[in-house]
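> Predicted model and sequence follow; I will ask about them next.
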Amino acid sequence: MNSKTNILSDADIATFWQEGYVTVENAVTDEELKRLQGEFTDWVAESRGHTEPWGTPTVDNRPRFDIGAEHTSGNPALRRVNNPSEISDTYMEVMRGSAVVGMVADLIGPNIKYHHCKINSKLPGNNTVVHWHQDFPYTPHTNDDVVTALLMLDDVTEENGCLLVAPGTHRGAVNSLFQDGVFTGTVDEETTRELARQEVPVMGKAGSVCLMHTRLQHSSRANKSARSRTLYICVYSAADAVPIARNPMPSRFEGLIVNGVASPVARMIPLEVELPAQPKSASFFTVQGQQSATSD
């Protein structure tokens, strides 16, 4: 690990490797944040005219936009936009050119590769929750230099459904997301209870980013406030980390080098991980038991 960094302090880097995450304010410019917020607001307005997931299909022919079962035109529940960088110049520019990319390079080295992105949102009155899991079993690679960057497009608090993490769990086991042979996308009940005893809320002002290690256990609760909680989530890896399972959210930009240069080798670490079952619905929320809206 290089002690000289471009953006993050030595303390930030130490926190990330000790706790499995670090939160940094002002990760994007005011103009970038305003544009991201504006486009998402437009998508929420568009969602009012739909009764089921919709939009230009992703490369694996799933709907671009996912809405929760509680969605109505009066109380929209747009909870997921799949790979918004494919349909928005603003989201593409932030994914590949914002200060966040430099922060990731400070953590895992100069050669950085893009994997996928998404928007996860909890609008007021929505029921969306995220059960405890690690990202790595969803997106296993030949090594675990993989970082999830969660950019806060709103002020994030405990009341509106902030990320909950179990610090230090990235240094522990990779837990199964299969229960009785079924891919549930979440850990078992006993592990859930243990993680809940360790949970720490991750809060911040709009424009902040939480940089999270791919093996950190995390979850979140429903939004109980009158304010939205929207995250633009980009997943990056070291250039020599090669996926060993199909991308659960494939993108035509997967593998794009966003910093440094490509790697001619795949770096391997001694690690065994189950291969995930890939979602066929608009988002992984259905894998965790939360149905999308339907027109029926």
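Structure received. Numbering: from 1, shown residues only.
> Tell me which stretches of the stretch 101-250 of the chain form helices.
189-198 (DSSP state H, counting those that start in this stretch).
> quick one: low-confidence parts of the stretch 101-250 of the chain?
For the stretch 101-250 of the chain, applying pLDDT under 70 flags no range at all.
> any idea where the strands of it begin and end?
Assigned by DSSP state E, counting those that start in this stretch, the stretch 101-250 of the chain shows strands spanning 112-122, 130-133, 146-152, 163-165, 178-179, 182-183, 200-202, 209-213, 218-220, 229-238.
> Tell me which of the ones you listed lies nearest to Gln288.
strand 130-133 (5.2 Å; Cβ to Cβ). Placement of C-beta: from N, CA and C, glycine included.
> quick one: contacts of that closest one?
120, 166, 175, 177, 185-187, 191-192, 195-196, 217-220, 285, 288 (Cβ atoms under 8 Å, 6 or more residues apart in numbering).
> ok, it: who's next to it in the sheet?
Its sheet considered, strand 130-133 pairs with strand 218-220 (antiparallel) by DSSP bridges.
> Show me which positions of the strand it pairs with end up buried.
By 16 or more other Cβ atoms under 10 Å, the buried positions in strand 218-220 come out as His218, Ser219, Ser220.
> can you check stretch 156-174 too?
By neighbour count on 16+ other Cβ under 10 Å, the buried set for stretch 156-174 is 156-157, 160-167, 169-170, 174.
> Please state the offset of it from the chain centre?
Centroid displacement of stretch 156-174 relative to its chain, using Cα atoms, centre = their mean, to the nearest Å, is 12 Å.
> and if you look at stretch 179-193?
On Cα atoms, centre = their mean, the centre of stretch 179-193 falls 20 Å from the chain's centre.
> sorry, back to before: just the buried ones among the contacts of strand 130-133, please.
Counted by 16+ other Cβ under 10 Å, the contacts of strand 130-133 give 120, 166, 175, 177, 185-187, 191-192, 195, 217-220, 285, 288 as buried.
> which pair in those residues spans the largest distance?
Those two in the buried ones among the contacts of strand 130-133 that are separated most widely, counting by Cβ to Cβ, are Asn120 and Thr191, at 22.2 Å.
> Turn the buried residues of strand 218-220 into a markdown table, columns for distance to Tyr232.
Formatted as a markdown table, the buried residues of strand 218-220 follow (distance: Cβ to Cβ, whole Å):
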| residue | distance to Tyr232 |
| --- | --- |
| His218 | 16 |
| Ser219 | 19 |
| Ser220 | 15 |
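> how many other residues sit next to Leu36?
Neighbours of Leu36 under the rule other Cβ atoms under 10 Å: 25.
> where does it sit relative to Leu211, distance-wise?
Using Cβ to Cβ, to the nearest Å, one gets 18 Å for the distance from Leu36 to Leu211.
> before we move on, what about Thr41?
Remark: distance between Thr41 and Leu211 (Cβ to Cβ) = 26 Å.
> So the two - more neighbours on which side?
Taking other Cβ under 10 Å, Thr41 and Leu211 do not tie; Leu211 has more neighbours (27 against 13).
> mind listing what the more buried one touches?
Applying Cβ under 8 Å, 6+ apart, the residues contacting Leu211 are 16, 21-24, 100, 103-104, 107, 147-150.
> beta partners of it?
Counting by DSSP bridges, Leu211 forms beta bridges with Val22, Ala149.
> how about the strands of the stretch 101-250 of the chain, which one is nearest Lys280?
strand 182-183 (11.4 Å).
> What are the contacting residues of the closest one?
Leu177, Pro276, Ala277, Val287.
> List just the nearest of those residues to Gly55.
Among these, Val287 lies closest to Gly55 (Cβ to Cβ), at 19.6 Å.
> Can you report how many residues neighbour the closest one?
With other Cβ under 10 Å as criterion, Val287 counts 23.
> Double-check it against Thr184; I have them as touching.
Yes: here Val287 reaches Thr184: they are 6.9 Å apart, a contact under Cβ atoms under 8 Å.
> Which pLDDT value belongs to Met1?
Met1 is assigned a predicted lDDT (pLDDT) of 36.
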